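Engineer: Sequence plus predicted model, see below.
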Amino acid sequence: MAPVAISEESGNGTIGSVAESKKVQANQRIEETRIINPFYSPSAGNENDDDYSYAKYKPRFPVVNWEPLTEIEVTDRGHFADSSKTALFSAAQKVKHLTPAIGTELVGIDLRQLTNQQKDELALLVAERGVVFFRDQELSIHEQLDIARHFGPLHKHATTPVPREPGLEEVHVVYNDASRRPDASAFSKIELWHSDVTYEIQPPSTTSLKVITGPEYGGDTLWSSGYALYSSLSPGMQVYLEGLTALHSAVAQADGSRAAGLHVRREPVESVHPVVRVHPVTGWKSVYVNPGFTRRILGVPKPESDTILNFLFHQIAENVDFHVRFHWEPNSVAFWDNRIVTHTATFDFWPQTRHALRATPHGEKPESVEDYESRTGKVAKDRQIEIWKEQGVEIPQSKKGLSRARGYND
């Protein structure tokens, strides 16, 4: 028999009252430790202000309204770099490439001392390696913003928090503490992989993040190379994807903020971008979809779109040959190129605090292979083949030519 609600008198009061009291207490405990989807539910960060040295950079959600974004002219600073990167590399004590596909750490450089030439070479290095890491950086958020502005006009996020300190609306705050326990029932890990705000008409380019507070272990970030994903595909699949476009949407992110009772500062947008884009400086092809914001491939049946996106999403999240993983320490800084990598964080550090500040320059409007080749008169390239050529390695037979559709013989 199913239980029923009762209000029977007892020596200690009504059973109904006791049940109601327990329900209230349970709700209070749930409210004290809210369980959340970390991707769509930003933190208010209202706890532990008195003894926290970075309280002025904790999250704030200003109730303001911003105009829709329009196209702006952006010229990638990597175009002006010396391809040898002599100025940048000569300032480093050590240059460490972390995997063949993605990730480099520069040791011994003070980002506050970079010249414009070194910044240009950094932009080129990030465009080639996907993400570049620095440790022990004392630069302030204002200095971080100055470097970011060298790479392009800065993006202001429509939903996520900005620091409490006035005048930092171009800063994106990443913040989690003991009050927010990620709920595994609210999301799958694959859903957390994303490239930042790809729904914008001109999504970000050379983006930086500085961790100011973090756990001793846990809270790592992983990046996955879109170059490597493209290179891994068969020639036939490469050509097929090059002809496709996909819809990227901000709607779910805005809905998540509104569901949390937060103000959306700019109405959500949706944009159509090529499934394979070409980096304007390297000329290399990269797969440009992500689980966080890509909703469907246009112009094909839904089952086909679902199957292709599911395949690409799983390759992004699961093919470790495309990945680099970085453990943050306080004052670690990463620069990554949002046009050619996706990333995710590990939410394994609760109840510890993880606090970081991001500066996000706009890039150009994503360009398809066809559009890039028409505009520049150059042939867009497969990164892996270009590296093999530089190394004098014989190119595998399957990569030498395009697969051809077979005719029927009946």
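Structural biologist: Arrived safely, thanks for sending. Predicted, not measured: the structure shown is a model, and the values here were computed from it. Residues are numbered from 1 along each chain as shown.

Engineer: C-alpha from now on. contacts and neighbour counts both.
Structural biologist: Fine.

Engineer: In contact with the closest residue to residue 136 other than its chain neighbours, which residues?
Structural biologist: Sequence neighbours aside, residue 331 is the residue nearest to residue 136 in space, at 5.1 Å (criterion: C-alpha to C-alpha, 6 or more residues apart in numbering). Residue 331 makes contact with 135, 136, 137, 138, 210, 211, 212, according to C-alpha atoms under 8 Å, 6 or more residues apart in numbering.

Engineer: For residue 255, which three-state class applies?
Structural biologist: On the three-state scheme (DSSP: H, G, I helix; E, B strand; the rest coil), residue 255 is labelled helix.

Engineer: same thing with the one 10 residues further on?
Structural biologist: Reducing the assignment at residue 265 to three states with three-state DSSP gives coil.

Engineer: Can you give me the distance of it to residue 194?
Structural biologist: 21 Å (C-alpha to C-alpha, to the nearest Å).

Engineer: quick one: which of these two has more around it?
Structural biologist: When residue 265 and residue 194 are compared for neighbours, residue 194 comes out ahead with 25 against 20, by other C-alpha atoms under 10 Å.

Engineer: check contacts around that one.
Structural biologist: By C-alpha under 8 Å, 6+ apart, residue 194 lies in contact with 290, 291, 292, 293, 342, 343, 344.

Engineer: Backbone dihedrals for it, please?
Structural biologist: Dihedral pair for residue 194: phi -160, psi 160, per degrees, to the nearest 10.

Engineer: Bridge partners for it, pull those for me.
Structural biologist: residue 343 (DSSP bridges).

Engineer: swap in residue 248?
Structural biologist: Residue 248 forms beta bridges with residue 271, residue 294, as assigned by DSSP bridges.

Engineer: burial count for it?
Structural biologist: Neighbour count of residue 248, defined by other C-alpha under 10 Å: 25.

Engineer: for residue 333, same thing?
Structural biologist: Neighbours of residue 333 using other C-alpha under 10 Å come to 25.

Engineer: contacting residues for the spatially most central residue of the chain?
Structural biologist: Computing the C-alpha centroid of the chain and ranking residues by C-alpha atoms, centre = their mean puts residue 195 first, at 3.6 Å. With C-alpha under 8 Å, 6+ apart as the criterion, the residues that contact residue 195 are 290, 292, 338, 339, 341, 342, 343.

Engineer: Please tabulate the contacts of residue 194 in a markdown table, including the columns distance to residue 142, neighbour count and pLDDT.
Structural biologist: Conversion of the contacts of residue 194 to a markdown table gives the following (distance: C-alpha to C-alpha, whole Å; neighbours: other C-alpha atoms under 10 Å; pLDDT from 0 to 100):
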| residue | distance to residue 142 | neighbour count | pLDDT |
| --- | --- | --- | --- |
| 290 | 30 | 29 | 98 |
| 291 | 32 | 21 | 97 |
| 292 | 29 | 25 | 96 |
| 293 | 29 | 24 | 97 |
| 342 | 26 | 28 | 98 |
| 343 | 25 | 22 | 98 |
| 344 | 25 | 21 | 97 |
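
Engineer: which among those gets closest to residue 156?
Structural biologist: Closest approach to residue 156 among the contacts of residue 194 (C-alpha to C-alpha): residue 293, at 17.4 Å.

Engineer: Report the contact partners of that closest one.
Structural biologist: With contacts taken as C-alpha under 8 Å, 6+ apart, residue 293 has the following neighbours: 194, 197, 198, 199, 248, 249, 250.

Engineer: backbone phi and psi for residue 219, please?
Structural biologist: Reported as degrees, to the nearest 10, the phi and psi values for residue 219 are phi 70, psi 20.

Engineer: Isn't it up against residue 326?
Structural biologist: No. With contacts counted by C-alpha atoms under 8 Å, residue 219 stays clear of residue 326, the gap being 9.2 Å.
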